[in-house]
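Asks: task: produce atomic coordinates for the following.
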Amino acid sequence: MNMLELTAISKQYPGGVQAVDQFSLTLKEGELGVLVGPSGCGKTTTLRMIAGLETPDEGTIRIRGQAVDGQRPQDRDVAMMFQSSALFPWLSVAENLAFGLAKKNLDRRAHRSQIEAIARQLQLEDLLERKARTLSGGQRQRVALGRALLKEAAVLLMDEPLSSLDRQLRLQLQDEILRLCRQRGQTALLVTHDQSEALNLADRLVVMNQGRIEQNDIPQRIVTQPATLFAAQFIGERPINLWTVRIAAPQSFFQPSRIVWPAGADTVVIGVRPQQLRARMIGPASQPEAEAALRGEAVIEQFHWIGAQCFGSGSLGGRLVEFSLPEGANSQIGDRVILSAAASALHFFDPETGRRLSHAAISFSQ
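Replies: Numbering: from 1, shown residues only. Below is the predicted model of the structure:
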């Protein structure tokens with residue numbers, strides 16, 4: 001069953017600012033969608049239109065198959081969790097959680113039972129009598145999540161709920177959100193500007209830019225087959241390496257015999273993610289990889305650590321590029337390395353439209 005359907009919704013603010021432009025999205029029951037993009041791209045405006053806090057100029061919003069256009073926010077079957085926890089600081093945790101049950105006709109025992117159950121799931125059982133003002137930031141957001149889940153709405157909307165927390169707390173609450181939504185079969189839509197958070201949480205990931213959808217897909221495909229140059233640049237732990245190349249005369253480090261060039265194109269933008277641009281130390285036994293579509297040499301100018309993985313950066317083709325260094329390599333600044341990438345690692349984009357021109361045949365199940 002489709003729990004949330006947005007069909008070509010648009011919103012323009014005074015002064016001609018197009019906040020959202022022909023945005024369409026469908027979330028199935030139990031699916032967790034994530035809107036990601038830079039500040040001002042229309043993510044929060046989209047969420048506010050679903051909640052009824054903004055009115056779209058065009059398009060239709062359906063929840064459980066029913067159009068909600070014109071309905072008041074309180075009459076829509078949604079719950080919302082904000083960047084700030086929006087708790088009542090003078091009330092206890094239990095009293096704040098109780099607001100999620102406000103519209104349910106429950107006796108006192110059932111009322112208390114549901115509060116205690118969600119408190120156990122969120123590790124809040126020892127804090128039920130504490131005043132909200134005495135809680136840490138992570139604890140407050142747990143209470144806000146519990147309150148939203150207790151409402152048992154068709155769609156849970158979350159507007160950057162973790163952005164004010166430190167990294168460790170963000171990771172912990174990401175796990176809590178994912179676990180609880182899975183357990184309860186909760187359909188949810190979360191807004192974030194953090195692409196790592198988006199990739200960790202999303203069943204369906206929507207990359208937005210200037211009010212429009214750049215790509216709407218499963219996270220794996222957005223990483224491995226970005227539909228646009230913007231999606232390729234925005235999504236990824238490290239920035240993608242890019243070169244603008246004339247097919248008739250590519251830079252010397254590209255191996256034309258190993259590349260299937262996009263048909264009909266004269267000039268293309270070629271992208272290679274740092275994880276797939278691999279470095280090997282130059283030594284007496286060094287041999288170039290015969291099957292590589294990209295082969296070149298660089299000098300390590302800087303190191304970048306992502307967890308336990310080490311990347312280096314150096315110049316290739318007049319551009320500073322990043323590449324993955326072998327695990328356990330005793331590399332130093334100034335070392336020369338051989339860089340290589342397979343043909344399947346190359347992404348091609350139209351330099352004018354930014355659209356993808358070709359892609360590797362990689363399949364992921366929906």
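
Asks: go ahead and confirm Arg140 touches Ala132.
Replies: Yes - assessed by C-beta atoms under 8 Å, Arg140 is found in contact with Ala132 at 6.5 Å. Placement of C-beta: from N, CA and C, glycine included.

Asks: and for those two, which residues touch both?
Replies: Ser85, Leu87 (C-beta atoms under 8 Å, 6 or more residues apart in numbering).

Asks: which parts of the worst-scoring helix or strand of the chain on mean pLDDT are buried?
Replies: Here the helix or strand of the chain ranked lowest by mean pLDDT, DSSP states H and E is helix 108-121, holding a mean of 78. For helix 108-121, the neighbour count (16 or more other C-beta atoms under 10 Å) marks Gln114, Ile115, Ile118, Ala119, Gln121 as buried.

Asks: would you map the helices across the stretch 151-300 of the chain?
Replies: In the stretch 151-300 of the chain, the segments counted as helices under DSSP state H, counting those that start in this stretch are 167-184, 195-201, 219-224, 229-234.

Asks: report the distance from the third one to the chain centre.
Replies: I take that to be helix 219-224. 10 Å (C-alpha atoms, centre = their mean, to the nearest Å).

Asks: for stretch 342-354, same thing?
Replies: Offset of stretch 342-354 from its chain centre (C-alpha atoms, centre = their mean): 21 Å.

Asks: endpoints of that stretch, how far apart?
Replies: 22 Å (C-alpha to C-alpha, to the nearest Å).

Asks: for Val191, see how far away the residue nearest the centre of the chain is.
Replies: With distances taken as C-alpha atoms, centre = their mean, the residue of the chain nearest its centroid is Ala198 (2.4 Å). Between Ala198 and Val191 the computed distance is 9 Å (C-beta to C-beta, to the nearest Å).

Asks: which residues do those two both contact?
Replies: Contacts common to Ala198 and Val191, judged by C-beta under 8 Å, 6+ apart, are Val34, Val36.

Asks: is it true that Gln276 touches Ala343?
Replies: No - with contact defined as C-beta under 8 Å, Gln276 does not reach Ala343; the gap is 10.8 Å.

Asks: these two: who's more crowded?
Replies: Gln276 (20 against 14; other C-beta atoms under 10 Å).

Asks: for the more buried one, which non-adjacent residue is closest in space?
Replies: Ala345 (3.7 Å; C-beta to C-beta, 6 or more residues apart in numbering).

Asks: may I have the phi/psi pair for the one you found?
Replies: Main-chain torsions, Ala345, degrees, to the nearest 10: phi -90, psi -10.

Asks: state the distance from it to Ile240.
Replies: From Ala345 across to Ile240, the span is 11 Å (C-beta to C-beta).

Asks: overlap in contacts, the two.
Replies: Listed as contacting both Ala345 and Ile240 by C-beta under 8 Å, 6+ apart are Val272, Arg273.

Asks: picking that back up, rebuild the buried residues of helix 108-121 as TSV, extending it with distance to Leu320.
Replies: Converted to TSV, those look like this (distance: C-beta to C-beta, whole Å):
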residue	distance to Leu320
Gln114	56
Ile115	55
Ile118	50
Ala119	51
Gln121	47
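
Asks: which of those residues sits closest to Ser252?
Replies: Gln121 (58.8 Å; C-beta to C-beta).

Asks: okay, now the residue nearest to the closest one when sequence neighbours are not counted: neighbour count?
Replies: Of all residues not flanking Gln121 in the chain, Leu180 sits nearest, at 6.2 Å (C-beta to C-beta, 6+ apart). Neighbours of Leu180 under the rule other C-beta under 10 Å: 18.

Asks: what about Leu180, distance to Glu327?
Replies: 35 Å.

Asks: with Asp266 instead?
Replies: 40 Å.

Asks: and what of Leu190?
Replies: Note on Leu190: its distance to Glu327, by C-beta to C-beta, is 33 Å.

Asks: repeat that for Thr7.
Replies: For Thr7, the distance to Glu327 - C-beta to C-beta - is 48 Å.

Asks: who has more neighbours out of the two?
Replies: Between Thr7 and Glu327, counting by other C-beta under 10 Å, Thr7 is the more crowded of the two (15 against 8).

Asks: which strand residues bridge that one?
Replies: In this entry, Thr7 is beta-bridged to Thr60, by DSSP bridges.

Asks: pretty sure it sits against Ser24.
Replies: Yes - taking contacts as C-beta under 8 Å, Thr7 lies within contact range of Ser24: 5.5 Å.

Asks: list residues touching both of those two?
Replies: Gly59.

Asks: neighbour count winner among Ala345 and Ile240?
Replies: Set Ala345 next to Ile240 and count neighbours by other C-beta under 10 Å: Ile240 wins out with 22 against 19.

Asks: what sits against the more buried one?
Replies: Counting by C-beta under 8 Å, 6+ apart, Ile240 has contacts Ala232, Gln233, Gly271, Val272, Arg273, Pro274, His347.
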